[in-house]
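Asker: This is the structure alone, sequence omitted:
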């Protein structure tokens, strides 16, 4: 176990040790707590969260960002989170397919992760696994969330920089403010900006911002690598400044970890089985069931 802790570094030949450490943490295997407590952060690598509604092109955007970040001889880690089926607890984990051009690149490490029932766009283990990647010495860490829409604000507790990806037909811009996503973004990216009304949508995004300091709005066509350099320049510029929300971010991370540990003894499969049995009895009441369960 100690060798695993000491050897997590982003050498292409050593990606196995990084993967092994992530597996230990993700599955809470023996030694996971010791591994986390002994992490040493060599670099202050920025964690960039990519969030937004389904179909906005987040995976394509991440693929383009990887290409741009690699141009400066950086080593990049990607944690791509896919939704888990509530019925069979399986997950497609298809980001390795969507990011195929970089999957075998010696300076890119891509790990897919299932939400395992988490409703906030992040797996409950995503925070700890991100810290493992930070300790491995990567230059940039990209976190792509599942794209569940209004409940996806948990990324604010994990990422140093949060990019909200939208498309021109995202709908009523005022509704986007209500969703909470607008509150956690550091920049907006209007992807697929070659579509109709993209300029109108960008202008409306700029007008409806309520903060005194207006957030930047970038237009991209990730599939054609257009507008990506501007986004990368923004990431680099923000990475050099101290995050004003550091205390808030750490508090959110601590809260998520505490909640995860307190819920560790709740077996979701057993809960489902017990509910199935209780439903066979007349007068089933969920609240009475939970009080006794």
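Answerer: Yes, it's here. Note that the coordinates shown come from a computational prediction; the quantities given were computed from them, not determined experimentally.

Asker: who does the helix of greatest length in the chain touch, helix- and strand-wise?
Answerer: The residue-count maximum for a helix in the chain (DSSP state H) belongs to helix 246-262. In terms of contacts (3 or more C-beta pairs under 8 Å, 6 or more residues apart in numbering; DSSP states H and E), helix 246-262 is packed against helix 126-135. C-betas here are computed from N, CA, C, even on glycine.

Asker: what's in contact with the helix it packs on?
Answerer: Residues from elsewhere that reach helix 126-135 (C-beta atoms under 8 Å, 6 or more residues apart in numbering): 8, 18, 21-22, 25-26, 35-36, 39-43, 45, 47, 77, 79, 81, 109, 111, 113, 123, 141, 143, 157-158, 253, 256-257.

Asker: Contacts made by the following helix or strand past it with the rest, please.
Answerer: Later in the chain than helix 126-135, the nearest helix or strand by DSSP states H and E is strand 140-144. With contacts defined as C-beta under 8 Å, 6+ apart, strand 140-144 is touched by 45-50, 58-59, 62, 65-66, 69, 74-81, 95, 122, 126, 130, 133-134, 155, 158-159, 235, 239.

Asker: Sheet partners, orientation included, of strand 140-144?
Answerer: Sheet pairing of strand 140-144 (DSSP bridges) gives strand 47-51 (parallel), strand 76-82 (parallel).

Asker: Give the burial count for residue 82, as a bare number.
Answerer: 18 (other C-beta atoms under 10 Å).

Asker: Correct me if wrong: it contacts residue 114.
Answerer: Yes - in this structure residue 82 lies within contact range of residue 114 using C-beta atoms under 8 Å: 5.8 Å.

Asker: pLDDT weak spots in the stretch 1-150 of the chain?
Answerer: Flagging of the stretch 1-150 of the chain using pLDDT under 70 yields the residue ranges 1-13, 83-101, 115-124, 146-150.

Asker: any idea where the helices of it begin and end?
Answerer: Using DSSP state H, counting those that start in this stretch, the helices of the stretch 1-150 of the chain run over residues 2-6, 15-26, 32-37, 58-70, 95-98, 100-103, 126-135.

Asker: wait, which of those is closest to residue 194?
Answerer: helix 58-70 (13.1 Å; C-beta to C-beta).

Asker: Which neighbouring elements make contact with that closest one?
Answerer: Against helix 58-70 (3+ C-beta pairs under 8 Å, 6+ apart) you get strand 47-51, strand 76-82, helix 95-98, helix 100-103, strand 140-144, helix 228-239.

Asker: Out of the ones you listed, flag the one nearest residue 268.
Answerer: Closest among those, once you apply C-beta to C-beta, is strand 76-82, at 17.7 Å.

Asker: related to what we said a few turns ago, is it possible to get JSON lines of the helices and strands packed on helix 58-70 that adds distance to residue 215?
Answerer: Output for the helices and strands packed on helix 58-70, formatted as JSON lines (distance: least, C-beta to C-beta, whole Å):
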{"stretch": "strand 47-51", "distance to residue 215": "14"}
{"stretch": "strand 76-82", "distance to residue 215": "24"}
{"stretch": "helix 95-98", "distance to residue 215": "26"}
{"stretch": "helix 100-103", "distance to residue 215": "28"}
{"stretch": "strand 140-144", "distance to residue 215": "19"}
{"stretch": "helix 228-239", "distance to residue 215": "10"}
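
Asker: Any idea which of the ones you listed gets closest to residue 276?
Answerer: Judging these by C-beta to C-beta, what sits closest to residue 276 is strand 76-82, at 26.4 Å.

Asker: Can you list the buried residues in that closest one?
Answerer: 76, 77, 78, 79, 80, 81, 82 (16 or more other C-beta atoms under 10 Å).

Asker: Distance from the chain centre to the longest helix of the chain, please.
Answerer: 15 Å (C-alpha atoms, centre = their mean, to the nearest Å).

Asker: Kindly report the same for stretch 184-196.
Answerer: 18 Å.
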